[in-house]
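Colleague: missing the sequence, but the structure's below:
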C-alpha cells in the first residue's frame, strides 16, 4: 500500500523546505550590502519615516506567517485574499521608504506596485514573466529585487486564488511557497532600507 500524507503534512514539508532553500538563496553578502548606494537620512522626518517602515516590515513578517498558517490550516479563499491584500498594503509603505533610501530603485519599484491596477486581469504566466522575472520592469540593480518581492508575492497569491477559488492542494502549496519565499527577502530589505 503506498504511503499517503495529509495535506497538512505535505504543506508543512513544503514550508520547511522552502524556508531552508530560500533563506540560502535570497541573501546578499556583506560585501554586496556595503556596495549599495543609499540616500542619507539627515532629518527627524526621514528617521521617523524609516522607523514606521521598520515597524511595518516586522508586521509584514508576522502577517506573512499568518497567511502561511491559514493556507496550511485550510482557510477559504476569502480569508487568504484578505491576508494577501494586507501584505500588499504593508509592503507599499515599506517600498515607499525603499524608493527614497535606494533612489536607483525608484522607477523599478514604482512600476512594480503599479501592477495592483491590473491584478484582476493579468494571467499567472504574465505575472511570472513580467514581474517575478522583470520582463515588464526597467533594468535595476540587484538590490531592488528584494523590496519588489514584498509586493509581487502576495499579488501572486491573489492571482492564484482568483484562478482556483476552490484552492486545490497544488494551489495551496503554491501559496505557501510564494509567501515562504518572500519571508526570506525581509531581512535583506531591512538591511538595505532601514540600516
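Modeller: The structure has been received and is ready for your questions. All figures in this text were calculated on a predicted structure; none of them were measured in a lab.
Colleague: which is the next helix or strand following the lengthiest helix in the chain?
Modeller: The single longest helix within the chain, with elements called by DSSP state H, is helix 44-72. Remark: after helix 44-72, the chain's next helix or strand is helix 77-101, criterion DSSP states H and E.
Colleague: for the helix or strand following that next one, buried residues please.
Modeller: Following helix 77-101 in sequence order, the next helix or strand is helix 106-113 (DSSP H and E). Neighbour counts using 16 or more other Cβ atoms under 10 Å place 108, 109, 111, 112, 113 of helix 106-113 among the buried residues. In short, each C-beta sits where N, CA and C put it, glycine included.
Colleague: quick check, the second one in contact with residue 148.
Modeller: Yes - Residue 109 lies in contact with residue 148 (Cβ atoms under 8 Å); the separation is 6.1 Å.
Colleague: find residues that contact each of the two.
Modeller: residue 95 (Cβ atoms under 8 Å, 6 or more residues apart in numbering).
Colleague: one step back: show me what the longest helix of the chain is packed up against.
Modeller: Contacting helix 44-72 under the criterion 3 or more Cβ pairs under 8 Å, 6 or more residues apart in numbering; DSSP states H and E are the following elements: helix 7-25, helix 77-101, helix 143-163, helix 169-189.
Colleague: what comes up buried for whichever helix or strand comes after the shortest one?
Modeller: Spelled out, it's helix 7-25. Counting by DSSP H and E, the element after helix 7-25 in chain order, helix or strand, is helix 30-34. Of the residues in helix 30-34, none count as buried by neighbour count, 16+ other Cβ under 10 Å.
Colleague: just say which of the helices and strands packed on helix 44-72 is most tucked in.
Modeller: helix 143-163 (a mean of 24; mean count of other Cβ atoms under 10 Å).
Colleague: next, residue 120: secondary structure please.
Modeller: coil (DSSP: H, G, I helix; E, B strand; the rest coil).
Colleague: residue 38 now?
Modeller: Applying three-state DSSP: residue 38 is coil.
Colleague: list the contacts of it.
Modeller: For residue 38, the contact set (Cβ under 8 Å, 6+ apart) comprises 101, 102, 192.
Colleague: for the helices and strands packed on helix 44-72, which one sits closest to residue 129?
Modeller: Closest approach to residue 129 among the helices and strands packed on helix 44-72 is made by helix 143-163 (12.0 Å; Cβ to Cβ).
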